[in-house]
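Trainee: based on what follows, work out the 3D shape:
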Amino acid sequence: MSVTVIRPQEGPQTEFLACNADIAGYGGSAGGGKTYGLLLQALRHINDPNFKAVVFRRVSEHILLPGALWDT
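Mentor: This is a model prediction of the structure:
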């Protein structure tokens, strides 16, 4: 049985996930790990039955592209 380790990329994604603020800005070009960082942040609360999250994309088609939000 293999184990999958899920962790942030070194750099801005790690810094974003280490931030204790209620609201954090995280920008950059495509492929920088922003959406994946949001998914990792929500994953921290996976055992809280009262936690809910919504991730919005400016262009909705980007949700369904291969390797995009839906695949992840």
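
Trainee: which strands and helices sit next to the least confident helix or strand in the chain by mean pLDDT?
Mentor: Within the chain, no helix or strand scores below helix 34-43, which has a mean of 86 by mean pLDDT, DSSP states H and E. The contact analysis (3 or more Cβ pairs under 8 Å, 6 or more residues apart in numbering; DSSP states H and E) places helix 34-43 against helix 12-18. Quick note: C-beta positions are derived from backbone N, CA and C, even for glycine.

Trainee: what is the helix it packs on packed up against?
Mentor: The helices and strands touching helix 12-18, judged by 3+ Cβ pairs under 8 Å, 6+ apart, are helix 34-43.

Trainee: now the helix it packs on, how far from the chain's geometric center?
Mentor: 2 Å (Cα atoms, centre = their mean, to the nearest Å).

Trainee: got the buried residues for that helix?
Mentor: For helix 34-43, burial by neighbour count (16 or more other Cβ atoms under 10 Å) applies to 35, 36, 37, 38, 40, 41.
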